[in-house]
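K.L.:
my questions are about this predicted structure, shown below with the sequence.
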Amino acid sequence: MRLLTAFLIGLLFGTGILIAGMANPAKVLNFFDIAGTWDPSLAFVMGGALLVAVPGYRLVLGRPGPLFEQGFQLPDTRRIDRPLVLGSLTFGLGWGVAGFCPGGALPALGTGRGEVVMFVAAFIAGLLLARLTRTLMQTRLRAT
């Protein structure tokens, strides 16, 4: 049941991303091109997402626990540190340069376009590199 629920939620999310145009890099890049061919429609998409997410979080987190897990998986700190800032900058730069974010690229994989496949491959390589770097840094810190 847990796997089916995750699949249906992912399907709903991916469908929303596709309908909203967030899997179209030209639309995303036009959203960022404020001085040129600016397309503000994605701001309405993000605003609509907030209108659903904010009350949704309040409703869900008001429950004693999730339906298919032992507990909620929430950040254990609210501290803004260097890895958070660098990760956010990297995410934003990648989105602005490529026109894809992971949420839009994964549903776009179904198109079979080469640039989408390249982006997802680079995204996965970046995740693996970040994980390796973190492991090496932690190992080095423990050794000292």
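P.N.:
Received, thanks.
K.L.:
please make it C-alpha for all contacts and neighbour counts, starting now.
P.N.:
Noted.
K.L.:
can you tell me the closest non-neighbouring residue to P40?
P.N.:
F31 (5.7 Å; CA to CA, 6 or more residues apart in numbering).
K.L.:
thought the one you found was touching D39?
P.N.:
Yes - with contacts counted by CA atoms under 8 Å, F31 reaches D39, the gap being 4.7 Å.
K.L.:
which of these two has more neighbours?
P.N.:
Taking neighbours as other CA atoms under 10 Å, F31 and D39 compare with F31 leading, 19 against 16.
K.L.:
downstream of the strand or helix carrying that one, the next helix or strand is which one?
P.N.:
Take DSSP states H and E as the rule and F31 turns out to sit in helix 25-32. Downstream of helix 25-32, the first helix or strand assigned by DSSP H and E is helix 41-61.
K.L.:
can you give me the buried ones in that next one?
P.N.:
Under the neighbour-count criterion of 16 or more other CA atoms under 10 Å, helix 41-61 has 42, 45 buried.
K.L.:
which elements pack onto the helix or strand just after that helix?
P.N.:
Per DSSP H and E, helix 41-61 leads on to helix 82-98 as the next helix or strand towards the C-terminus. Judged by 3 or more CA pairs under 8 Å, 6 or more residues apart in numbering; DSSP states H and E, the packing partners of helix 82-98 are helix 25-32.
K.L.:
tell me the average confidence for the helix it packs on?
P.N.:
Averaging pLDDT along helix 25-32 yields 87.
K.L.:
do stretch 82-102 as well
P.N.:
86.
K.L.:
go through that stretch and flag the buried ones.
P.N.:
94-96, 98-102.
K.L.:
now for those: which two are most distant?
P.N.:
Maximum pairwise distance among the buried residues of stretch 82-102 (CA to CA): 12.5 Å, between G96 and P102.
K.L.:
overlap in contacts of those two?
P.N.:
In terms of CA atoms under 8 Å, 6 or more residues apart in numbering, G96 and P102 are not both contacted by any residue.
K.L.:
neighbours around E69, how many?
P.N.:
For E69, the tally of surrounding residues (other CA under 10 Å) stands at 9.
K.L.:
now G10: how far from L59?
P.N.:
Applying CA to CA, to the nearest Å, the value for G10 to L59 is 20 Å.
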